[in-house]
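# Please work out how this folds:
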Amino acid sequence: MFRSLVIGLLSLLLLSCGDLARNNPLDPAVPGFVPLKDLLVGTWSLDNGQENQVYFFEGDGRVELRDYSSPAGGAIDRNASYPQTLVIGFTGTYTLTGNILRLSFTDSFWNNTDGQPPRPPTDSKLVEVQIQGRTLSLKDIDGERPYIRI
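The predicted structure is shown next:
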């Protein structure tokens with residue numbers, strides 16, 4: 001008796017939680033489903049006053065990250081050359097498993113003609129990915145960063 005009452009109450013609670021329709025375009029059972037990797041492909045920009053970056057994700061698994069800074073401490077102009085704007089870039093590959101993105105950078109470049117560019121990270125970086133509309137959120141141990149599709 002008590003068991004039936006608990007099951008009945010739980011059923012009512014679940015039914016009152018909202019619409020059970022499957023209309024999420026990221027749900028594989030919904031017509032028009034778009035895989036997360038397809039949504040990820042493209043160019044994504046971050047400019048929050050402290051960081052100025054652009055990610056380029058290719059459909060074949062290649063990735064490029066460009067990090068922009070102003071050595072003099074002024075405004076960052078992504079189209080300016082060094083010494084007004086320093087560009088440090090990394091190229092490599094990415095894989096996506098569920099919503100976990102693994103970035104493996106193998107090469108680096110920069111627009112400073114003095115010396116060698118920084119070495120790419122030796123370890124892969126894992127980040128949690130979420131895409132809503134034109135916003136890509138990358139979440140890792142350092143926090144969450146929103147990138148806008150450009």
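# D123: helix or strand, and which one exactly?
For D123, there is no enclosing helix or strand under DSSP states H and E.
# measure F109 to I100 for me?
Using Cβ to Cβ, to the nearest Å, one gets 27 Å for the distance from F109 to I100. (C-beta placed from N, C-alpha, C; glycine too.)
# Between those two, tell me which one has more neighbours.
In this view F109 and I100 are compared by other Cβ atoms under 10 Å, and F109 has more residues nearby, 15 against 11.
# strand partners of the strand or helix carrying the more buried one, parallel vs antiparallel please.
Using DSSP H and E, F109 falls within strand 100-110. When pairing is defined by DSSP bridges, strand 100-110 lines up against strand 86-97 (antiparallel), strand 125-132 (antiparallel).
# can you list these in a markdown table and add mean pLDDT?
Conversion of the strands paired with strand 100-110 to a markdown table gives the following (pLDDT from 0 to 100):
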| stretch | mean pLDDT |
| --- | --- |
| strand 86-97 | 97 |
| strand 125-132 | 96 |
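# so which of these gets nearest L46?
strand 125-132 (12.7 Å; Cβ to Cβ).
# before we move on, the earlier item: out of the strands paired with strand 100-110, deepest packed?
Highest mean neighbour count of the strands paired with strand 100-110: strand 86-97, a mean of 17 (counted as mean count of other Cβ atoms under 10 Å).
# Please enumerate residues in contact with it?
With contacts defined as Cβ atoms under 8 Å, 6 or more residues apart in numbering, strand 86-97 is touched by 36-37, 40, 57, 61-71, 78, 101-112, 117-118, 120-121, 129.
# Check the offset of it from the chain's centre.
11 Å (Cα atoms, centre = their mean, to the nearest Å).
# which ones are touching Y82?
71, 111-113.
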